[in-house]
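> Build me a model:
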Amino acid sequence: MKRRVVLGAIGLLLFTATGCGGPDALVKEFIVHLNGYAETLEKKESRDKQAAALERVKSTLEKIDKLKLSQEERDKLIAKNDGELKKAKERVESAQKTYLMDGGAATDFPDLFGGFVKPK
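As a prediction, this is how the structure comes out:
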């Protein structure tokens with residue numbers, strides 16, 4: 001009984017604390033969702049799964065946009081997570097190319113980085 005109460009309290013704490021991370025947590029979420037999207041392409045999963053993963057990426061971008069960060073704040077945030085963002089970007093681009101070369105449907109891949117990460 002005590003174990004359940006303790007685990008329940010820990011779960012509640014973790015559940016409520018996840019939304020308090022601010023911009024940095026959203027960038028980390030963005031990176032996780034980008035990698036998830038790339039994975040759906042790499043595994044050649046169904047279009048529905050790919051669309052759902054893409055929607056999670058777009059949703060996270062919208063959350064970041066709603067923060068209305070100044071350009072200076074965005075630049076600092078991007079610089080702080082530069083290595084991870086570059087790896088995720090390269091993985092998505094590679095997965096998209098491989099997907100198309102392996103006969104995947106030629107869908108219009110949206111620019112997931114133009115709104116947040118400026119190409120260098």
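> hey, let's count contacts and neighbours off CA atoms from now on
Fine.
> show me where this protein has helices.
2-17, 22-42, 47-66, 71-80, 82-101 (DSSP state H).
> what's the most buried one of those?
helix 22-42 (a mean of 19; mean count of other Cα atoms under 10 Å).
> That helix packs against which elements?
helix 47-66, helix 71-80, helix 82-101 (3 or more Cα pairs under 8 Å, 6 or more residues apart in numbering; DSSP states H and E).
> Dump these to CSV, plus mean pLDDT and distance to E29.
Shown next, in CSV, are the helices and strands packed on helix 22-42 (pLDDT from 0 to 100; distance: least, Cα to Cα, whole Å):
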stretch, mean pLDDT, distance to E29
helix 47-66, 91, 7
helix 71-80, 91, 13
helix 82-101, 90, 11
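> Now distance to E39 too, for those, in CSV please.
Output for these, formatted as CSV (distance: least, Cα to Cα, whole Å):
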stretch, distance to E39
helix 47-66, 9
helix 71-80, 23
helix 82-101, 8
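> What's the separation between E39 and Y99?
11 Å (Cα to Cα, to the nearest Å).
> no wait, V27
26 Å.
> cool, and R56?
20 Å.
> ditto for N81
Applying Cα to Cα to N81 and Y99 gives a distance of 27 Å.
> T60 is in contact with L26, correct?
Yes - L26 is within contact range of T60, at 6.8 Å (criterion: Cα atoms under 8 Å).
> which outside residues touch stretch 22-34?
53-54, 56-57, 60-61, 63-64, 67, 77, 81, 84-85, 88-89, 92 (Cα atoms under 8 Å, 6 or more residues apart in numbering).
> Identify the farthest-apart pair in those.
L67 and V92 (24.8 Å; Cα to Cα).
> In space, what's closest to E84 - neighbours in sequence excluded?
Spatially, and ignoring its direct neighbours in sequence, E84 is nearest to I31 (7.2 Å; Cα to Cα, 6 or more residues apart in numbering).
> what's the distance between that neighbour and Q96?
From I31 to Q96 the distance is 16 Å (Cα to Cα).
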